[in-house]
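Asker: Show me how the following folds:
(2 chains)
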Amino acid sequence: MTHRILSTVCALLLATSLQAGETLRLAVTTSFHNSGLADVLLPVIAKDLDLEVQLLVVGTGQALKLGEQGDVDAILVHSRTAEDAFLNQGFGTHRREIMYNDFVLIGSDTDPAHIQTATTAADALQKIAMAQTTFVSRGDDSGTHKKEVSLWKTAGLDTEQFGPWYTSVGAGMGAALNTASGLNAYIMSDRASWLNFANKGTLVLLYSGDPVLFNQYAYIPVNPEGKPHIKYDLALKLESWLVSDEAKALIDSYKINGEPLFVFNATY
Amino acid sequence: MGDFWSGLGQAAWLVLTFDSDLLAIAARSLQVSLTALLIASLLAMPLAAFLAVRRFRWRRNVIALMNALMGLPPVVVGLIVYILLSRSGPFGILGLLFTPSAMIIAQVIIIVPLIASIAHQSLRDLWQEYHDLLISMNVTQGQKIRTLLWDARRALLTAALAGFGRAIGEVGAIMIVGGNIDHATRVLTTAIALETGKGDFALALALGFVLIAITITVNFAVHWISRTESEGRW
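Answerer: Numbers count the residues shown, from 1 in each chain, chains lettered A, B, ... in the order given. Modelled structure (predicted):
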């Protein structure tokens, strides 16, 4: 009896540790994953390179941490300053720009702060701060959150000084959008997450188009030095695929509700 | 309320069409939680019996600690297991992070105190009944433990089912150590969290209904197999 139980446990444990073929772990941001582009790219990558890319969908902060600790082979994130710090500390070998999308300002269709008439992103944020209408911030140290904080700074405002109307939820893009939808609040989102978001309620897109809202995605292979388990060759193979013409065609033609999301801008 | 009905409808549709993704995710949920349950039971039940029959100095403290650990926050367990299994952690060499094995380890840690506490409670009561008899028969410690475990098997089943319930419904720990990787470590609870994040409440609810149905089915199956509440005392 004991032997049978023990052998069952061993068999189950063995079954769970077996993995198929060549796999690569890539940490990506929630905003990239929510766009749905991964569902288009991954099957083609699997076919072309015979490579199974396992996505870890986390915030930029955690993605960088996973790379630093050697738990993923490469990262695809969008926060320039954090990326540069990552590279300077030697955790990544190099940074390759792949594509960009943009951030948009979302709010209730009544638009109490009148940001629809704003001329720049900074102007829109100043209007929100002036009206002191509820604004939901990601507050999770993600790329989107860092971008939002830097935009407030550009607008000459300090998020630390804000009253309770500035709601920091400490959650992913989807969860934050759910909160904004519940509170009829303003929120900054990447366009992809917004278009794919199903629980819009009275929220509408109110402001977009300022070039400061562009959101550059970059691919960074994790430095294999001292981390022999890192699949650096595979990471490079994936990189050369990501900057190929085939990837360009797929990325540029990807649309949600007829709207293109990403602009491929990798250089050779 | 609309989401609720469309969730029910979608759940029925997913189940009736044998959606392959759903089947894989549900099977993985069951595999991870049942394995964790098996391992945790093998650890917790002998421990519970040992604590019932053996008197030693720190016994009361061990029992109190075990009871306290029932409230172990899963997300903290997840974080600790993550740090231990990370490539830069002490067990990084095993390469277990972001695999179902890592999820099993986290769940075992979460449910061992729960199973041991519930099992200990019933074994202690049984031990009071059996104490004089077993002492007068002059049996060994091992025989006492085995007798108790066998005769309390129905109560232990309840303990195991409580453990299973906590394991299969858990999301905080396995999200951190499993990473919710599609086709590798995605289980029902993490898929629900993901769909909620996308604002797709109907699909999230559908997965939730499937999860509840699985839990109920497993419980019914266990009760049916062991014929509880049907014959005599047991």
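Asker: The helix or strand containing residue A:106 - contacts with which helices or strands?
Answerer: Secondary structure assignment for residue A:106, by DSSP states H and E: strand A:96-108. Here strand A:96-108 touches strand A:186-190, helix A:191-196, strand A:203-207, strand A:214-221, helix A:232-242, helix A:245-252, strand A:263-264, going by 3 or more CB pairs under 8 Å, 6 or more residues apart in numbering or on different chains; DSSP states H and E. All C-beta spots, glycine's among them, are computed from the backbone N, C-alpha and C.
Asker: How far away from the center of its chain is the first one?
Answerer: Right, the one you point to is strand A:186-190. 13 Å (CA atoms, centre = their mean, to the nearest Å).
Asker: Please report how far residue B:64 lies from residue B:57.
Answerer: Plainly put, residue B:64 is 14 Å away from residue B:57 if you go by CB to CB, to the nearest Å.
Asker: between the two, which one's more packed in?
Answerer: residue B:64 (11 against 7; other CB atoms under 10 Å in any protein chain shown).
Asker: right, and the helix or strand after the worst-scoring helix or strand of chain B on mean pLDDT?
Answerer: Least confident helix or strand, chain B: helix B:2-16 with a mean of 82, by mean pLDDT, DSSP states H and E. Sequence order places helix B:20-53 as the next helix or strand after helix B:2-16, per DSSP H and E.
Asker: helix or strand right after that next one?
Answerer: helix B:59-69.
Asker: Buried residues in that next one, which are they?
Answerer: Residues of helix B:59-69 classed as buried: B:62, B:63, B:66, B:67, B:69 (neighbour count, 16 or more other CB atoms under 10 Å in any protein chain shown).
Asker: what do you get for stretch B:172-183?
Answerer: By neighbour count on 16+ other CB under 10 Å, the buried set for stretch B:172-183 is B:172, B:173, B:174, B:175, B:176, B:177, B:178, B:179, B:180, B:181, B:182.
Asker: just stretch A:154-168 next, same as before
Answerer: For stretch A:154-168, by 16+ other CB under 10 Å, it's A:155, A:157, A:162, A:166, A:167.
Asker: Return the subset of those lying in strands.
Answerer: A:166, A:167 (DSSP state E).
Asker: re earlier: distance from the least confident helix or strand of chain B to the middle of the chain?
Answerer: Distance, centroid of helix B:2-16 to centroid of chain: 27 Å (CA atoms, centre = their mean).
Asker: mind listing what's buried in it?
Answerer: B:3, B:7, B:10, B:11, B:14, B:15.
Asker: Grab the nearest non-local neighbour of the third one.
Answerer: In space, not counting the residues next to it along the chain, residue B:10 is nearest to residue B:206; the distance is 3.9 Å by CB to CB, 6 or more residues apart in numbering or on different chains.
Asker: mind checking how far that neighbour is from chain A?
Answerer: Distance of residue B:206 to chain A, computed by CB to the nearest CB, to the nearest Å: 13 Å.
Asker: Tell me the residues of chain B that contact chain A?
Answerer: Neighbours of chain A within chain B, by CB under 8 Å from any CB of the partner chain: B:31-32, B:34-35, B:38-39, B:42, B:86-89, B:92, B:95-101, B:104, B:179-184, B:194, B:196-201.
Asker: related to what we said a few turns ago, list the contacts of the residue nearest to residue B:10.
Answerer: Contacts of residue B:206 were listed using CB atoms under 8 Å, 6 or more residues apart in numbering or on different chains, and they are B:7, B:8, B:10, B:11, B:13, B:14.
Asker: Phi, psi for it please.
Answerer: When read as degrees, to the nearest 10, the backbone of residue B:206 gives phi -60, psi -50.
Asker: ok, it to residue B:6 distance?
Answerer: For residue B:206 relative to residue B:6 (CB to CB), the value is 8 Å.
Asker: Residue A:202 now?
Answerer: 20 Å.
Asker: Closest to residue B:137 out of the buried residues of stretch B:172-183?
Answerer: Using CB to CB, residue B:173 comes nearest to residue B:137 of the buried residues of stretch B:172-183, at 44.1 Å.
Asker: so that closest one is in which element?
Answerer: Going by DSSP H and E, residue B:173 is in helix B:172-178.
Asker: now do residue B:199
Answerer: Applying DSSP H and E, one finds residue B:199 in no helix or strand.
Asker: Run through the residues that contact it.
Answerer: Per CB under 8 Å, 6+ apart, neighbours of residue B:199: A:174, A:177, A:178, A:181, A:197, A:198, A:199, A:200.
Asker: Look up the pLDDT of the spatially closest residue to the last one that is not a sequence neighbour for me, please.
Answerer: Taking CB to CB, 6+ apart, and ignoring the residues beside it in sequence, residue A:200 has residue A:181 as its nearest neighbour in space, at 6.5 Å. Predicted confidence (pLDDT) for residue A:181: 92.
Asker: Show me what the strand or helix carrying residue A:181 is packed against.
Answerer: Residue A:181 belongs to helix A:173-183 when assigned by DSSP H and E. Counting contacts by 3+ CB pairs under 8 Å, 6+ apart, helix A:173-183 is packed against helix A:30-34, strand A:135-137, strand A:186-190, helix A:191-196, strand A:203-207, helix B:188-197.
Asker: so which strand or helix has residue B:164?
Answerer: helix B:153-168.
Asker: Number of residues surrounding the closest residue to residue B:198 other than its chain neighbours?
Answerer: Of all residues not flanking residue B:198 in the chain, residue A:174 sits nearest, at 5.0 Å (CB to CB, 6+ apart). Number of residues near residue A:174 (other CB under 10 Å) recorded here: 26.
Asker: Please name the residues that touch residue A:174.
Answerer: So residue A:174 contacts A:30, A:34, A:193, A:197, B:196, B:197, B:198, B:199 (CB under 8 Å, 6+ apart).
Asker: for chain A, what are the low-confidence residue spans?
Answerer: A:1-21, A:268 (pLDDT under 70).
Asker: For residue A:75, which three-state class applies?
Answerer: Recorded secondary structure, residue A:75: strand (DSSP: H, G, I helix; E, B strand; the rest coil).
Asker: Can you give me the buried ones in stretch A:25-41?
Answerer: A:25-38, A:41.
Asker: now stretch B:42-54
Answerer: B:42, B:44, B:45, B:46, B:47, B:48, B:49, B:50, B:51, B:52, B:53.
Asker: Check stretch A:230-245 too.
Answerer: In stretch A:230-245, counting by 16+ other CB under 10 Å, buried: A:230, A:231, A:232, A:234, A:235, A:237, A:238, A:239, A:241, A:242, A:243.
Asker: Okay, the last one and residue A:218: tell me how far apart.
Answerer: If you measure residue A:243 against residue A:218 using CB to CB, the figure is 11 Å.
Asker: shared neighbours of these two, which are they?
Answerer: If you check residue A:243 and residue A:218 against CB under 8 Å, 6+ apart, the residues they both contact are A:96, A:98.
Asker: check contacts around the residue nearest to residue A:200.
Answerer: Counted by CB under 8 Å, 6+ apart, residue A:181 has contacts A:199, A:200, A:201, A:202, A:203, B:199.
Asker: change it to 10 Å
Answerer: A:106, A:108, A:136, A:187, A:197, A:199, A:200, A:201, A:202, A:203, B:199 (CB atoms under 10 Å, 6 or more residues apart in numbering or on different chains).
Asker: What is the neighbour count of the fifth one?
Answerer: Using other CB under 10 Å, residue A:197 has 22 neighbouring residues.
Asker: I'd say it and residue B:200 touch.
Answerer: Yes. Residue A:197 is within contact range of residue B:200, at 8.8 Å (criterion: CB atoms under 10 Å).
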